[in-house]
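S.K.: dropping a prediction and its sequence here:
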Amino acid sequence: MSTGKTSAPAIRYAAVTFDCPDPTELARFYGEALGLPVAYATDDFTLLGQEGSAGLGFNRLAGYRRPTWPDPSQEKQAHLELGVDDLDAAQARLLALGAVEPAVQPEPDRWRVLLDPAGHPFCITTLV
């Protein structure tokens with residue numbers, strides 16, 4: 001006997017994936033920065049994460065074009081916000097891992113914008 005009610009399917013956040021030219025290299029950068037292991041990898045895709053937690057994926061895209069932030073000719077489309085205890089120390093570590101600091105810093109006392117090795121902008125911000 002049907003009651004006419006249907007339950008909503010269970011939906012949960014599983015991962016966010018970034019397009020890039022080299023998924024292995026970008027996974028190395030974020031894996032070292034965030035302390036995340038490789039959960040799955042092929043030649044064209046790498047997923048970082050822990051069992052039971054959301055992951056971070058990297059997908060090889062032929063003809064990938066780097067974002068040109070802050071120049072709008074190739075928009076960033078999305079970016080990560082990473083919370084840190086110390087902006088200067090975190091920035092130094094991420095630069096040593098291969099991040100690049102762009103010239104534009106909208107509010108450097110509050111957060112810093114960096115570019116990952118594939119050119120995706122991401123922010124580090126102090127935890128409140």
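M.R.: Great, that's in hand.
S.K.: Leu36 and Tyr30, how far apart?
M.R.: 7 Å (Cβ to Cβ, to the nearest Å). For glycine as for every other residue, the C-beta is placed from the backbone atoms N, C-alpha and C.
S.K.: give me every residue that touches the residue positioned nearest the centre of the chain.
M.R.: In the chain, the C-alpha nearest the mean C-alpha coordinate belongs to Leu80, at 4.9 Å (Cα atoms, centre = their mean). Residues in contact with Leu80 (Cβ atoms under 8 Å, 6 or more residues apart in numbering) are 16, 120, 122-123.
S.K.: beta partners for it?
M.R.: Phe122 (DSSP bridges).
S.K.: just the pLDDT at it, thanks.
M.R.: Listed pLDDT for Leu80 reads 88.
S.K.: any low-confidence regions in this structure?
M.R.: 1-4, 9, 11, 128 (pLDDT under 70).
S.K.: where along this structure do the helices fall?
M.R.: 23-34, 87-97 (DSSP state H).
S.K.: winner for burial among those?
M.R.: helix 23-34 (a mean of 19; mean count of other Cβ atoms under 10 Å).
S.K.: any chance of the helices of the chain in a markdown table, plus distance to Thr42?
M.R.: Shown next, in a markdown table, are these (distance: least, Cβ to Cβ, whole Å):
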| stretch | distance to Thr42 |
| --- | --- |
| helix 23-34 | 8 |
| helix 87-97 | 23 |
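S.K.: which one of those helices lies closest to Asp116?
M.R.: helix 23-34 (5.8 Å; Cβ to Cβ).
S.K.: dump that closest one to CSV, keeping only the CA atoms.
M.R.: The C-alpha trace of helix 23-34 is given here as CSV (Å, rounded to 0.1, in the frame of the first residue of the first chain):
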residue,chain,number,x,y,z
PRO,A,23,46.6,16.0,-12.0
THR,A,24,49.5,14.3,-10.3
GLU,A,25,51.4,17.5,-9.8
LEU,A,26,48.4,19.5,-8.5
ALA,A,27,47.5,16.6,-6.2
ARG,A,28,51.1,16.7,-4.8
PHE,A,29,50.8,20.4,-4.1
TYR,A,30,47.4,20.2,-2.3
GLY,A,31,48.3,16.8,-0.6
GLU,A,32,51.4,18.3,1.0
ALA,A,33,49.6,21.6,1.8
LEU,A,34,46.6,19.9,3.5
